[in-house]
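Undergrad: requesting a structural model of the entry that follows:
(2 chains)
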Amino acid sequence: MHDKTLTELKAGLTAGDFSSRELTEHFLARIQQYDGELNSFITVTADQALAQADAADQAIAAGNQGLLTGLPIAHKDIFCTEGVRTSCGSKMLDTFIAPYPATVVEKMAAEGAVMLGKTNMDEFAMGSSNETSYYGPEKNPGDLERVPGGTSGGAAACLGARLAPGATGTDTGGSIRQPAALNNITGLKPTYGRVSRWGMIAFASSLDQAGPMGQSAEDCALMLQAMAGHDHRDSTSLNETVGDYLGALKEDISSLTIGIPEEFFPDTLDGAIADNSRDAIRELEKRGAKVVSVSLPSIKLSVPAYYVIAPAEASSNLSRFDGVRFGHRCGDPQDLEDLYKRSRSEGFGDEVKRRILVGTYALSAGYYDAYYRRAQQVRRLIRDDFARAFEKVDVLMGPTAPETAFKLGAKKDDPVSMYMADVFTIGVNLAGLPALSMPTGFINGLPTGTQIIGNYFREGQILNVAHKYQQATDWHKQAPVFGGDQ
Amino acid sequence: MAIDSKVVAQVAHLARLKVDEADTTALSNRLNDILAMVDQLQQADVADVPPMAHPLDVTQPLRDDQISEPNVRDKAMDIAPAAEDGCFLVPRVIE
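TA: Numbering: from 1, shown residues only, chains lettered A, B, ... in the order given. Sure thing, here's the model as predicted:
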């Protein structure tokens, strides 16, 4: 049952092949059995899941099915869930129980989704390996000595190990796409503002975006259909009509033009990574797509621009954690300043503190123009490069990550080297574009992913391109040998 | 400008973070590595390029000044580390 896609499970529920309770119990048992080793969940919500499953079975019996009725999914622990701990992977929020649900959680529940639990992540979504989590590193299901990527590493790994058939993630600089690539699953970062950020703990508000992660593009389309939409409670949410994402999968792609940015295939790139992505592009070419070369000259500055903008926004967003209103509070504070300083220093881990310090420095008097203002100007150059490319092409493609899953601890003492894990994904966040990562083969048994970037609000088109590729290939169906029985 | 231990202490104070003196050298080295990478931004020709805050240049929407959210004071107090009579408790600030 766990090897089936969300779409197949939905058909099974509708046909009465199994109940949502049976399905939910099956995944809960797998989590119980295998997650001790993997550490992909921070919190498992078995009782609530079974109650939601029973309600879903009644809805199905009454012919009252929503988009996701009875389907088990896992939420990244960055989304507020009413009555269930929302830790954001941090000691700061270890005992925080949100008083309201995130819009994403609410919308998916309204469509009948069953929540299995909350998945592990880098602390406050800062990292590329899931090693900054207060709850310990998450492991890659394909090789337990390697990282699953980050920051939605728990979501990607539980999907890879088939402990959940669908999951939510968030992507500020590649946090859906990079772990998707490293765990052989499909993940989509929608257009900035397509999915509400309400109730999603803020890291860098001008970049953060929630999206679906699953076994296939079709599953991502199904979940996005439930997640997307305008929300008046998020002032950056865009009031654009939600597309018909499942309908888009039926469209023909024979007139598609794919752009290959030369900057995504630098001379320094591992040849095997480049080959896998080129093979994927060739597969689409066989189906009629036209391929042209394009250039994004400013994208080489995306990592430096990101590491000013994201820490600057984080330093502001994370000032709310002060030991007064919610979250960790130090013991026996001497005065208010001591309360602030010790609560924050005890509650935040090293990487979070580093980014707060970088952000505070970049915004401090005398440095604002040199860092933050300049980064925001470079951001426009990057966006304009993409806009010029999209005058000629429908989608852009290239590798998602410059390397396969690395060993746990390999980059822990070298933040700058860790930051380079997102070199191909960050530009998309700066420009606010939608992009998807899909499995496109293995190197020495480790999965690689290829990214498909679309123009604003063209989620349907990129999901369709990935869907066509997945109809012709079976890379996405390969799961690591994990947990014995299939 | 390179970050030294003094700058680390100053920025940490601005961010209301406590940094142990023993850690400041290691931390300033790490921060300098990050700033060295970030300094690539200085190569960019950004003359006459307006800074970009939103990818679609959307501005913040305005709404009428009406009460739209319910009073959730009790819920907010429930999750506070220390609260009494509907107020957050902090160490005494006025002697």
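
Undergrad: for residue 18, give me its contacts.
TA: With no chain named, the answer covers chain A. A:1, A:12 (C-beta atoms under 8 Å, 6 or more residues apart in numbering or on different chains). For the C-beta atoms, the positions are set from N, CA and C on the backbone; glycine is no exception.

Undergrad: actually chain B
TA: With contact set as C-beta under 8 Å, 6+ apart, B:Lys18 has these partners: A:341-342, A:344-345, B:12.

Undergrad: which residues of the stretch 151-300 of chain A lie near chain B?
TA: For the stretch 151-300 of chain A, the residues in contact with chain B under the definition C-beta under 8 Å from any C-beta of the partner chain are A:192-193, A:206, A:235-236, A:238, A:298, A:300.

Undergrad: one more pass at 10 Å, please.
TA: Counting by C-beta under 10 Å from any C-beta of the partner chain, the residues of the stretch 151-300 of chain A close to chain B are A:191-193, A:206-207, A:232-233, A:235-240, A:298, A:300.

Undergrad: which ones are touching the residue of chain B at minimum distance from chain A?
TA: For chain B, the residue closest to chain A is B:Pro55, as judged by C-beta to the nearest C-beta, at 2.6 Å. Contacts for B:Pro55 were tallied using C-beta atoms under 10 Å, 6 or more residues apart in numbering or on different chains; they are A:191-193, A:206-207, A:379-380, A:382-383, A:386, A:429-433, A:456.

Undergrad: so what's the nearest residue to A:Gly70 once chain neighbours are set aside up against?
TA: Counting by C-beta to C-beta, 6 or more residues apart in numbering or on different chains, the nearest residue to A:Gly70 once its immediate chain neighbours are dropped is A:Ser20, at 3.1 Å. Contacts for A:Ser20 were tallied using C-beta under 10 Å, 6+ apart; they are A:9, A:13, A:49-50, A:52-60, A:69-72, A:112, A:114.

Undergrad: cross those residues against helices and list the overlap.
TA: A:9, A:13, A:49-50, A:52-60 (DSSP state H).

Undergrad: out of those residues, which are buried?
TA: Taking 16 or more other C-beta atoms under 10 Å in any protein chain shown as the criterion, what is buried in the ones in helices among the contacts of A:Ser20 is A:9, A:13, A:49-50, A:52-54, A:56-57, A:59-60.

Undergrad: now do the residue in the stretch 51-200 of chain A positioned nearest to chain B against A:Asn455, distance only.
TA: Taking C-beta to the nearest C-beta as the measure, the stretch 51-200 of chain A has A:Pro99 as its residue closest to chain B, at 4.1 Å. Here A:Pro99 is placed at a distance of 38 Å from A:Asn455 (C-beta to C-beta, to the nearest Å).

Undergrad: out of those two, which sits in the more crowded spot?
TA: With neighbours defined as other C-beta atoms under 10 Å in any protein chain shown, A:Pro99 and A:Asn455 compare such that A:Asn455 has more, 19 against 15.

Undergrad: for the closest residue to that one other than its chain neighbours, give me its contacts.
TA: Ranked by C-beta to C-beta, 6+ apart and with sequence neighbours excluded, the top spatial neighbour of A:Asn455 is A:Phe390, at 4.6 Å. Remark: with contacts taken as C-beta under 10 Å, 6+ apart, A:Phe390 is in contact with A:259, A:294, A:396, A:431, A:433, A:453-456, A:458.

Undergrad: within the helices and strands, which one has A:Val291?
TA: Element membership for A:Val291, per DSSP states H and E: strand A:290-294.

Undergrad: so in that sheet, which strands flank that strand, and in what orientation?
TA: strand A:257-261 (parallel) (DSSP bridges).

Undergrad: about what we covered before: nearest to A:Lys286 among the contacts of B:Lys18?
TA: Comparing the contacts of B:Lys18 against A:Lys286 with C-beta to C-beta places A:Arg344 closest, at 55.1 Å.

Undergrad: what's the pLDDT at that closest one?
TA: On pLDDT, A:Arg344 comes in at 98.

Undergrad: wasn't it part of a helix?
TA: Yes. Remark: A:Arg344 belongs to a helix, assigned using DSSP: H, G, I helix; E, B strand; the rest coil.

Undergrad: can you name the residues that contact it?
TA: Taking C-beta under 10 Å, 6+ apart, we find A:Arg344 in contact with A:92, A:318-319, A:321-323, A:327-328, A:330, A:352-353, A:356, B:12, B:15-18.

Undergrad: quick one, strands of chain B?
TA: B:83-84, B:87-88 (DSSP state E).

Undergrad: centroid residue for chain A?
TA: Nearest residue to the geometric centre of chain A (C-alpha atoms, centre = their mean): A:Ile176, 2.2 Å.

Undergrad: also chain B?
TA: Relative to the mean C-alpha position of chain B, the nearest C-alpha, by C-alpha atoms, centre = their mean, is the one of B:Ala15, at 6.7 Å.
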